[in-house]
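> this one's structure only:
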Ligand code: FES
């Protein structure tokens, strides 16, 4: 079966089938695909469903339930802005709106050039230093809109 597959398809096939029959195998396969491709390609959903003997809706449900799984590649930089209550009380919604306006995208989207993705997150453990954000995995407290200026400019 794997004879007519491209290199990428072959790798994905191997990542999916490597975890069939394992407890938590679907999660392992999804994590492996996310890590390898940077997202879960929709073309893999029916293959996962078949391999794990579940419905495509169940696979999609798992993908959409966990924030770590994405349906499209994320940007080079990933900014996650806290939307939970303590940060909202100190302006995280206005901060988010300012970031999205500067970048010209919506929440959960990536700039067309693939440089920046902005996502919502619900508490980063910096509640006393809000508004809080995570930029490329680094926690930032007392964030102001100025933080996003560098991301709004071309890096050329
Ligand atoms: S509420 Fe934003 S970090 Fe906790």
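Nice, I can see it. Note that this is a predicted model, so its numbers are computed, not measured.
> quick check: closest non-adjacent residue to residue 147.
Of all residues not flanking residue 147 in the chain, residue 140 sits nearest, at 6.6 Å (Cβ to Cβ, 6 or more residues apart in numbering). C-beta here means a position set from N, CA and C on the backbone, and glycine is covered the same way.
> what's the neighbour count on that neighbour?
19 (other Cβ atoms under 10 Å).
> list the residues that contact it.
By Cβ atoms under 8 Å, 6 or more residues apart in numbering, the contact list for residue 140 reads 132, 133, 134, 147.
> the last one - that's part of a strand, no?
Spelled out, it's residue 147. No. Counting by DSSP: H, G, I helix; E, B strand; the rest coil, residue 147 is not part of a strand but helix.
> just to revisit the earlier point, within reach of the ligand, which of the contacts of residue 140 are there?
residue 132 (Cβ under 6 Å from any ligand atom).
> out of the contacts of residue 140, who's nearest the ligand?
Among those, residue 132 lies closest to the ligand (Cβ to the nearest ligand atom), at 3.9 Å.
> do I have it right that the closest one meets residue 143?
Yes. Between residue 132 and residue 143 there is a contact at 6.6 Å, judged by Cβ atoms under 8 Å.
> can you pull out the strands in this structure?
Counting by DSSP state E, one finds strands in the chain at the ranges 77-82, 116-121, 133-135, 138-140.
> spell out which residues of this structure are next to the ligand.
Going by Cβ under 6 Å from any ligand atom, the residues of the chain near the ligand are 82, 84, 85, 86, 87, 123, 124, 125, 126, 127, 130, 132.
> so where's the protein uncertain?
Scanning the chain for pLDDT under 70 picks out 1-3, 154-156.
> what does the domain assignment say about it?
The record's domain split for the chain, according to automatic domain parsing, is 2-65, 77-152.
> and these, which is most packed in?
Mean neighbour count (mean count of other Cβ atoms under 10 Å) peaks for domain 77-152 among the domains of the chain, with a mean of 17.
> now do the same contact list for residue 30.
Contact analysis of residue 30 by Cβ under 8 Å, 6+ apart lists 40, 48, 62, 63, 66, 69.
> can we see that at 6 Å?
residue 69 (Cβ atoms under 6 Å, 6 or more residues apart in numbering).
> now do it against the ligand, distance only.
Residue 30 sits 27 Å away from the ligand when distances are taken as Cβ to the nearest ligand atom, to the nearest Å.
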